[in-house]
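> Here is a sequence with its predicted model. Questions after.
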Amino acid sequence: MKAPSLATTKWRNEAQLTENATILEDLIAEKCDQDEFTPRIAQVKGKIMSEQTVTAEASASRLEAFTRAFNRGRQHWRTRQHLLDTDDLTPGELASITDVATEAKKILKAGDAPLSVLHTRTIATAFYENSTRTRSSFELAARRLGATLLNLDVASSSVVKGETIIDTSKTLLSMGVQALIQRHSASGSARQMARELGDRLHLINAGDGWNAHPTQALLDYFTMSEVRGSLNGAKIAIVGDLKHSRVARSNIRLLTRCGAMVHTAGPPTLTPIDLGKMGVIVHSKVEPAIENADFVMVLRIQLERQKQGLIPSIGEYRRLYRIDSARMRLAKPEARVLHPGPMNRDVEISDELAECSEKSLITTQVTNGVAVRMAVLYLLLGE
């Protein structure tokens with residue numbers, strides 16, 4: 001699609017330019033006599049106009065780069081209806097996400113005005129489980145692209161009266177919604193819904209039970225790629241509650257296909273028996289898993305697992321599996337640590353490591369989440 005012209009972008013800044021100039025006129029008038037006033041105003045207005053023009057040109061350039069990345073990637077995404085997991089993404093689709101997300105991040109970093117590329121689209125979110133990062137990230141991404149956003153309040157919806165998630169999605173479809181972002185506690189619920197909906201609506205899986213969380217894996221991949229480039233041959237350790245982690249599963253499916261060597265470590269009671277069949281090297285101790293690793297991905301330990309008898313105690317888990325600066329010295333000197341959040345500080349990861357700017361990529365993951373989800377929404381819904 002065609003990006004707005006430079007003239008259009010400059011027009012959008014005209015009101016702010018006029019306001020700035022008026023304020024400065026008043027300030028200068030207070031300090032200058034009449035002979036000085038006119039040339040000083042002309043000088044100030046010229047300076048403001050020059051700065052605003054440079055800003056408008058840079059903004060337009062970023063938008064054009066974003067649009068070009070979309071146009072290149074759209075050919076790979078043209079036939080995709082849903083994003084349910086990472087296991088069926090083609091190399092072209094994955095490269096397109098990285099390409100578009102890179103340009104989206106530049107727009108976000110510069111603080112450019114929201115775009116209008118999805119202004120004709122209506123996107124609904126339905127989170128049947130609690131979420132802070134994922135839901136907020138998707139909402140920001142949709143709004144930054146100009147889409148109309150409908151947030152389904154599950155607690156007060158017809159779902160509490162017994163309506164199925166399939167019927168809810170059909171209701172949204174009848175209202176003109178083009179895409180649904182859904183999180184549900186049942187593993188496989190996303191694929192079930194996709195079969196029911198077919199090509200009538202785009203479905204994005206924001207997490208289904210223990211099964212999958214594709215956009216988290218994509219933002220993790222993007223974050224690591226920014227640091228290392230290609231992940232082919234990289235050693236990536238995933239540490240924690242592997243049994244109940246949809247983040248681990250989607251990451252493993254994606255990273256192994258990209259040529260990464262994935263090692264896992266966690267208590268035997270929190271490690272699936274057949275995890276090795278996914279192409280990873282399974283360890284019961286954390287040290288061999290993170291030795292010479294390029295990246296260490298720490299998973300949240302759900303504190304209720306102690307009540308279920310799956311770990312002896314939080315203190316024991318901390319002693320055996322917590323990732324801290326001392327343990328990170330086993331990894332490569334340039335190794336970085338990731339965490340999908342929310343964190344249990346000083347349980348699965350030490351506070352000082354989480355806050356270490358030289359080692360931690362955790363806040364970068366949050367920033368990249370918005371950019372990656374902008375890319376996903378644009379590639380699925382853009383024209």
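Structure received.
> ranges for the strands of the stretch 101-250 of the chain?
Read by DSSP state E, counting those that start in this stretch, the stretch 101-250 of the chain holds these strands, from start to end of the chain: 122-127, 148-152, 179-184, 202-208, 235-239.
> Give the pairing partners of the last one; include direction for each.
Spelled out, it's strand 235-239. strand 261-265 (parallel), strand 295-298 (parallel) (DSSP bridges).
> what's in contact with the first one?
Right, strand 261-265. 233-239, 242, 248, 251-252, 255-256, 271, 275, 279-286, 288-290, 293, 321 (CB atoms under 8 Å, 6 or more residues apart in numbering). All C-beta atoms are positioned from the backbone trio N, CA, C, and that covers glycine.
> From those, which land in helices?
A248, N251, I252, L255, T256, V286, P288, A289, I290, Y321 (DSSP state H).
> quick one: contacts for the second one?
N251 makes contact with T86, Q216, A217, D220, Y221, I238, V262, M297, according to CB under 8 Å, 6+ apart.
> switch the cut-off to 10 Å
Applying CB atoms under 10 Å, 6 or more residues apart in numbering, one finds that N251 lies in contact with 86, 213-214, 216-218, 220-221, 224, 236, 238, 245, 260, 262, 297, 299, 338, 340.
> which parts of stretch 317-325 are buried?
Of the residues in stretch 317-325, those buried by neighbour count under the rule 16 or more other CB atoms under 10 Å are Y317, R318, L320, Y321, R322, I323, D324.
> Kindly report the same for stretch 341-348.
Applying a neighbour-count criterion of 16+ other CB under 10 Å, one finds G341, M343, N344, V347, E348 buried in stretch 341-348.
> Now tabulate those residues in JSON lines and tack on secondary structure.
Listed next are the buried residues of stretch 341-348 as JSON lines, based on DSSP: H, G, I helix; E, B strand; the rest coil:
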{"residue": "G341", "secondary structure": "coil"}
{"residue": "M343", "secondary structure": "coil"}
{"residue": "N344", "secondary structure": "coil"}
{"residue": "V347", "secondary structure": "coil"}
{"residue": "E348", "secondary structure": "coil"}
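> Which two of these have the greatest separation?
Across the buried residues of stretch 341-348, no pair lies farther apart than G341 and V347, at 13.3 Å, counting by CB to CB.
> about what we covered before: I'd like the strands of the stretch 101-250 of the chain as TSV, with mean pLDDT and distance to R62 appended.
Formatted as TSV, the entries for the strands of the stretch 101-250 of the chain read as follows, by pLDDT from 0 to 100; distance: least, CB to CB, whole Å:
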stretch	mean pLDDT	distance to R62
strand 122-127	95	23
strand 148-152	93	23
strand 179-184	96	25
strand 202-208	97	25
strand 235-239	98	31
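> Any chance of a markdown table for those, columns mean neighbour count and distance to L380?
A markdown table is the format used below for the strands of the stretch 101-250 of the chain (neighbours: other CB atoms under 10 Å; distance: least, CB to CB, whole Å):
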| stretch | mean neighbour count | distance to L380 |
| --- | --- | --- |
| strand 122-127 | 22 | 10 |
| strand 148-152 | 17 | 15 |
| strand 179-184 | 24 | 7 |
| strand 202-208 | 25 | 5 |
| strand 235-239 | 27 | 27 |
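> In CSV: the ones you listed, plus distance to P114.
Shown next, in CSV, are these (distance: least, CB to CB, whole Å):
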stretch, distance to P114
strand 122-127, 14
strand 148-152, 12
strand 179-184, 18
strand 202-208, 20
strand 235-239, 35
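> out of these, nearest to N71?
It's strand 202-208; of those, that one is closest to N71 (CB to CB) at 19.1 Å.
> Got a ChimeraX select line for the buried ones in the contacts of strand 261-265?
The buried residues among these can be selected in ChimeraX (16+ other CB under 10 Å) with this line:
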select :234,235,236,237,238,239,242,248,251,252,255,256,271,275,280,282,283,286,289,290,293,321
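> and R183, what are its bridge partners?
Taking DSSP bridges as the rule, R183 bridges to F127.
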